[in-house]
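*Asks:* Okay, predicted coordinates and the sequence, questions at the end:
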Amino acid sequence: MAGHSKFKNIQFRKGAQDKKRARIFARLGREITVAAKLGGTEPENNPRLRLAIQNARGQNMPKENIERAIKKGLDTKGSDFFEMRYEGFGPDGVAIIVEALTNNTNRTASDIRAAFSKYNGALGETGSASFVFSHVGLVQYEKTVADFETFFDVAVENGADDIQVEDEQYNIICPMDKLNVVAGNIQKTYGQAQSVNLVWIPHNTVEVQGDNVEKLIKLIETLEEHDDVQKVFANYDIDEKFLDDLNTG
């Protein structure tokens, strides 16, 4: 988790997910199943399913896992999953958005509320945190596909609002309702993207220091590790020195 990296500060991903690949596959599989159930099992006619499959392939999810998840979408006797968004605030007033797919909304809401309370946070009402974010599309490519100027020109020509460089990748930002079109057009030039997702980007960030750094990290890790949680976004900014102290403490 980088201290001043825009995208690593809005979506916490490095801890539990990288260590537990099976959990990543489970979440990807659930998204594929829900997409297939809602829009049909043909990716050509189901943009959400097409996007879910693309992201699964980007994470090297085995083909048989993808096919199994699609078939589950045909099971009319299986549990219905509901898309839920939880909003709240962590230590130092950090705004947090939690996106989940659950077949038991009462259980999930109770677990999310308990996690916030345990680490000096509070679960709020819908809209209490999301107003400090913008909901946009994000397409990511490795920098090796092209030099920045060339990549920038192609992305803008195909509908991107902004392109930013982070570590070893390009982040393309576009309107959420144009995500599939923008990603599809850019892929004609550069092939399959690393990931194509809807994300919440904060208008501003909150600096977190001292003991609250550890509390915030534990809160987000707890949320990320919940089986029903798909994504977590937050508007924190943590200086590297606090992370170094935490790792060596």
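*Replies:* Alright, I've got the coordinates. Not measured: the values here are computed from a predicted model.
*Asks:* Every contact and neighbour count from this point should use C-alpha atoms.
*Replies:* Fine.
*Asks:* and the longest strand seen in the chain, what other elements does it pack with?
*Replies:* Secondary structure of the chain read by DSSP state E shows that its longest strand is strand 133-142. Strand 133-142 is packed against strand 169-175, helix 179-190, strand 195-202, with contacts defined by 3 or more Cα pairs under 8 Å, 6 or more residues apart in numbering; DSSP states H and E.
*Asks:* what does the next helix or strand after it rub up against?
*Replies:* Where DSSP states H and E defines the elements, the next helix or strand beyond strand 133-142 is helix 148-157. If you take Cα atoms under 8 Å, 6 or more residues apart in numbering as the criterion, helix 148-157 is touched by Asp162, Ile163, Ile172, Val182, Ile186.
*Asks:* Among those residues, name the buried ones.
*Replies:* Ile163, Ile172, Val182, Ile186 (16 or more other Cα atoms under 10 Å).
*Asks:* and the first one, that's in a helix?
*Replies:* No. With DSSP: H, G, I helix; E, B strand; the rest coil as the criterion, Ile163 is strand rather than part of a helix.
*Asks:* Model confidence score at it, please.
*Replies:* With respect to pLDDT, Ile163 scores 93.
*Asks:* what does the last one give?
*Replies:* pLDDT recorded at Ile186 is 95.
*Asks:* Bridged to the spatially closest residue to Ala160 that is not a sequence neighbour, which residues?
*Replies:* Leaving aside its sequence neighbours, Ala160 sits nearest to Cys174 (Cα to Cα, 6 or more residues apart in numbering; 4.8 Å). Cys174 forms beta bridges with Gly137, as assigned by DSSP bridges.
*Asks:* any idea how far Lys218 is from Cys174?
*Replies:* Separation of Cys174 from Lys218 (Cα to Cα, to the nearest Å): 31 Å.
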